[in-house]
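My questions concern the predicted model and sequence given below.
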Amino acid sequence: MQREEALELLQANLKSENLLKHCYASEAVMRRLAREKGENEDLWGLTGLLHDLDLEITGDDMSVHADTAARMLEERGEPAEMVDAVRMHNAEGLGLGERTTVLQHALASSETVTGLIVAAALVRPDKQLAGVKVSSLRKRMKEKAFARGARREVIIECEQAGFELDEFLALALEAMQGISDDLGL
């Protein structure tokens with residue numbers, strides 16, 4: 001699938017501007033990680049872009065979220081590793097056990113860290129990503145009440161994808177700063 005086709009699929013299934021921005025941010029982070037690791041940037045990027053494809057269909061029902069998206073991608077003939085990573089990013093909700101592949105860990109940690117980074121930008125006076133620093137993200141990671149939805153244990157899965165935490169935070173922040181206009185931050 002080409003990116004334009006993926007965007008059409010995403011936008012046909014998601015109307016929420018915030019959800020779309022989350023998907024764009026996840027794509028940017030995944031593309032940056034793929035470049036860093038010498039992985040297939042298109043595969044990783046599209047996996048990030050489409051991971052929440054079903055969220056407006058499934059709503060808050062985590063017992064079907066991601067499985068529905070994975071089935072949609074499977075029906076389109078998308079690569080098994082993409083389908084699997086999309087499904088496994090909600091492994092806890094689906095009762096699937098632990099993530100095992102680099103792509104699964106990269107997606108789970110990437111899509112989760114976007115929430116932490118957005119929250120860090122939104123508490124700044126200028127509400128911009130440009131001023132966010134890795135040191136502030138590291139500090140915010142320790143604050144349990146800050147960006148509660150950004151589960152720290154999932155972000156730390158970046159290590160199972162081959163990234164030290166500070167390196168991962170820097171790459172994710174850089175990726176999101178690169179599309180700050182698209183994110184409105």
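Yes, it's here.

Could I get the full set of helices for this protein?
3-13, 17-37, 41-50, 55-58, 67-75, 80-88, 91-94, 102-122, 134-141, 152-155, 165-178, 180-183 (DSSP state H).

Which one, of those, ends up nearest to Gln128?
helix 102-122 (6.1 Å; C-beta to C-beta). Placement of C-beta: from N, CA and C, glycine included.

Just the buried positions in that closest one, please.
Residues of helix 102-122 classed as buried: 102-121 (neighbour count, 16 or more other C-beta atoms under 10 Å).

what pLDDT does the most centrally placed residue in the chain get?
Geometric centre of the chain, nearest residue: Glu111, 1.8 Å, by C-alpha atoms, centre = their mean. Looking at Glu111, its pLDDT is 98.

Correct me if wrong: it contacts Val86.
No. Glu111 is beyond contact range of Val86, at 10.1 Å (criterion: C-beta atoms under 8 Å).

Overlap in contacts, the two.
His51 (C-beta atoms under 8 Å, 6 or more residues apart in numbering).

Now tabulate the helices of the chain in JSON lines and tack on distance to Gln128.
Below are the helices of the chain laid out as JSON lines (distance: least, C-beta to C-beta, whole Å):
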{"stretch": "helix 3-13", "distance to Gln128": "25"}
{"stretch": "helix 17-37", "distance to Gln128": "14"}
{"stretch": "helix 41-50", "distance to Gln128": "22"}
{"stretch": "helix 55-58", "distance to Gln128": "26"}
{"stretch": "helix 67-75", "distance to Gln128": "31"}
{"stretch": "helix 80-88", "distance to Gln128": "30"}
{"stretch": "helix 91-94", "distance to Gln128": "33"}
{"stretch": "helix 102-122", "distance to Gln128": "6"}
{"stretch": "helix 134-141", "distance to Gln128": "13"}
{"stretch": "helix 152-155", "distance to Gln128": "22"}
{"stretch": "helix 165-178", "distance to Gln128": "9"}
{"stretch": "helix 180-183", "distance to Gln128": "7"}
